[in-house]
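Q: when you get a sec, could you give me coordinates for this:
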Amino acid sequence: MIRYNLKCENDHSFDSWFQSSQAFEKLFDAQMVACSTCGSSKVEKSVMAPQVRPARNATAKAPSKRPLSAPASPAEKALSEIRKKIEANTEDVGTDFATQARAMHDGDAPTRAIRGEAKLDEAKELIDDGIPVMPLPWGNKDKAN
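A: So this is what the prediction gives:
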């Protein structure tokens, strides 16, 4: 297998894997290599760095002294603390966020601090209706790898 960095006539960069350089040439000549962004079949190889494997007898890098569960920077530590504080002081309403936020705004539900998920169009509607919402700078822990 060989990977090529490619660029289309519209200046979109993308990469693709081929069985061999001959397989690439065959597909390229048949105009079967197309841009993954715009679909143009007018593509060309672009500059790429070769991938070189280390020698078999090369010594492995020493593992990091910092465990992966520890924050990598002061900013990551601060974000982690903010997340813990928000999660401790809010109710997770999940995908019912937009409905709950609107009900509280309309006075149909008791006011409380909530967090959850909303589709982009739902969030825009809430903002357009004067309901204050904001995205949180992290994903859902349950949906993380």
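Q: when you work out contacts or count neighbours from here on, use the C-alpha atoms and nothing else.
A: Fine.
Q: what stretches of this structure score poorly on pLDDT?
A: Low-confidence segments of the chain (pLDDT under 70): 57-64, 66, 140-145.
Q: in it, what residue spans correspond to helices?
A: For the chain, applying DSSP state H gives helices covering 21-29, 74-89, 97-106, 120-128.
Q: I'd like those laid out as a markdown table, including distance to residue 114 and mean neighbour count.
A: Below are these laid out as a markdown table (distance: least, Cα to Cα, whole Å; neighbours: other Cα atoms under 10 Å):
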| stretch | distance to residue 114 | mean neighbour count |
| --- | --- | --- |
| helix 21-29 | 53 | 14 |
| helix 74-89 | 9 | 12 |
| helix 97-106 | 8 | 17 |
| helix 120-128 | 14 | 13 |
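Q: which stretch among the ones you listed comes nearest residue 13?
A: Residue 13 lies closest to helix 21-29 among those, at 16.0 Å (Cα to Cα).
Q: for that closest one, list the C-alpha coordinates in PDB.
A: The C-alpha trace of helix 21-29 is given here as PDB (Å, rounded to 0.1, in the frame of the first residue of the first chain):
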ATOM      1  CA  SER A  21       2.200   3.300  -7.700                       C
ATOM      2  CA  GLN A  22       1.100   1.400 -10.800                       C
ATOM      3  CA  ALA A  23      -2.500   1.100  -9.400                       C
ATOM      4  CA  PHE A  24      -2.500   4.900  -8.800                       C
ATOM      5  CA  GLU A  25      -1.300   5.600 -12.400                       C
ATOM      6  CA  LYS A  26      -4.000   3.300 -13.800                       C
ATOM      7  CA  LEU A  27      -6.800   4.900 -11.800                       C
ATOM      8  CA  PHE A  28      -5.300   8.400 -12.500                       C
ATOM      9  CA  ASP A  29      -5.200   7.800 -16.300                       C
END
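Q: please shift the residue numbers so they start at 262 in all later answers.
A: Fine by me, first position is 262 from now on; the one you just mentioned is helix 282-290.
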